[in-house]
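Colleague: Using only what follows, build the 3D model:
(one chain, ligands or ions: 1)
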Amino acid sequence: MNGDLINALFEFGAALCLGRNVAQLRRDKRVQGVCVSSTVFFTLWGYWNVWFYPSNGFILSCVAGLLVVAANTAWVCLVAAYSPIGTRSVLYGVHAFWLHPFLIAIGWWRLYGFLWDPRLWVAFFVHDLGYWDKPNMDGPEGESHPELGAAIMRRLFGKEWGDFCLLHSRYYAKRLDRPVSRLCHADKYVIILEPSWLYLPRTMATGEVWEFIAVARARANTVTGPSDPLNKSERDDFASGDPWRWHRSVQSYMRRWLAHHKDGAADTWTRVRHKGEAFSQ
Ligand SMILES: [Fe+2]
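Modeller: Numbering: from 1, shown residues only. You can find the predicted model right below:
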């Protein structure tokens, strides 16, 4: 037996074991006692192997290695899919770490000009990390998400930058009865900027959109007074429950909110939604 065949048999055995892990995870829908990062590491190693084996003439090992990497990739994807909604948001949803910071940078550039200060980039990357492990997006836990990014920025660059992150959320700022930071404006610009075809598939995959629509439907049924900022067509779209109509009207509402508030006008459109234990400030 040659070395390639023996190695391929080991790889094939590993693929069978990993396939059982995938099946078990589909049954359990959660992971305990396992460090996910170790499988992420072995998955990356597996991708390297499927390039490394054939380039050294180990064809059988490459074929078996493809099964290993497929099983490991499936397992990592399932872990992500079964994680709390806030984690899914940061991994591949509204606040995807590989996309959202760059869209905010574009929003900032359009509103305030070029990003000379590197601390801005750090803020763009950390301000929404607090969604990690949150069981909801717009509930009390999700609404407390600015606290993690604010703590990181405060530790790195001082209180002013901590507040810059903390007050990027309209609802968090309203709860503290403080004005939003300029990061909020750039963050809201992202909603206008991001096309539905890019936004909706991700939020449907994470499930975020259904929570957003439920909140929007409740909002559509609430009239906050004669000066309610929600207009008739936005209210109808919110009430429809249709994701495409909902997103169109979120963009329209946010475009008007931004035009009204980007120069520092007091935010009379946003109302306190949650108070209580989920918040540390
Ligand atoms: Fe954000």
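Colleague: residues contacting residue 171?
Modeller: 143, 270, 272-274 (CB atoms under 8 Å, 6 or more residues apart in numbering). Glycine gets a C-beta too; all of them are placed from N, C-alpha and C.
Colleague: Quick check: the gap between the closest residue to residue 127 other than its chain neighbours and the ion.
Modeller: Leaving out its chain neighbours, the residue that sits closest to residue 127 by CB to CB, 6 or more residues apart in numbering is residue 149, at 4.1 Å. Distance of residue 149 to the ion, given as CB to the ion, to the nearest Å: 9 Å.
Colleague: Does anything pack onto the helix ranked longest in the chain? Which helices or strands?
Modeller: Ranked by residue count, the top helix of the chain under DSSP state H comes out as helix 3-28. Packing contacts for helix 3-28, counted by 3 or more CB pairs under 8 Å, 6 or more residues apart in numbering; DSSP states H and E, involve helix 59-81.
Colleague: So which bits of this protein are right by the ion?
Modeller: Contact residues, the chain versus the ion (CB under 5 Å from the ion): 128, 187.
Colleague: Apply 8 Å and report the result again.
Modeller: Contact residues (CB under 8 Å from the ion) of the chain with the ion: 95, 100, 104, 124, 127-128, 168, 183, 187, 190.
Colleague: Off-centre distance for stretch 266-275?
Modeller: Relative to the centre of its chain, stretch 266-275 is centred 23 Å away, using CA atoms, centre = their mean, to the nearest Å.
Colleague: One more: stretch 43-53?
Modeller: Using CA atoms, centre = their mean, the offset of stretch 43-53 from its chain centre is 28 Å.
Colleague: so where does residue 42 fall, helix or strand?
Modeller: Residue 42 belongs to helix 36-55 when assigned by DSSP states H and E.
Colleague: Buried residues, that helix. List them.
Modeller: Neighbour-count burial for helix 36-55 flags 39, 42-43, 46, 49-50, 53 (criterion: 16 or more other CB atoms under 10 Å).
Colleague: coming back round to it: now which of the residues of the chain next to the ion would you call buried?
Modeller: By 16+ other CB under 10 Å, the residues of the chain next to the ion give 95, 100, 104, 124, 127-128, 168, 183, 187, 190 as buried.
Colleague: Would you point out the most distant pair within these?
Modeller: 95 and 183 (13.4 Å; CB to CB).
Colleague: burial measure for residue 272, as a count.
Modeller: Residues near residue 272, counting by other CB atoms under 10 Å, number 12.
Colleague: cool, residue 30 as well?
Modeller: 8.
Colleague: quick one, phi psi at it?
Modeller: Backbone dihedrals for residue 30, given as degrees, to the nearest 10, come out at phi -160, psi 160.
Colleague: That one contacts residue 82, correct?
Modeller: Yes: with contacts counted by CB atoms under 8 Å, residue 30 reaches residue 82, the gap being 5.9 Å.
Colleague: Assign residue 270 to helix, strand or coil.
Modeller: Under DSSP: H, G, I helix; E, B strand; the rest coil, residue 270 falls in the coil class.
Colleague: Could you pull up the residues touching it?
Modeller: Contacts of residue 270 by CB under 8 Å, 6+ apart are 170-171, 173-174.
Colleague: Columns distance to residue 76 and pLDDT on top of those, output as JSON lines?
Modeller: Below are these laid out as JSON lines (distance: CB to CB, whole Å; pLDDT from 0 to 100):
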{"residue": "170", "distance to residue 76": "34", "pLDDT": "91"}
{"residue": "171", "distance to residue 76": "33", "pLDDT": "90"}
{"residue": "173", "distance to residue 76": "36", "pLDDT": "91"}
{"residue": "174", "distance to residue 76": "38", "pLDDT": "88"}
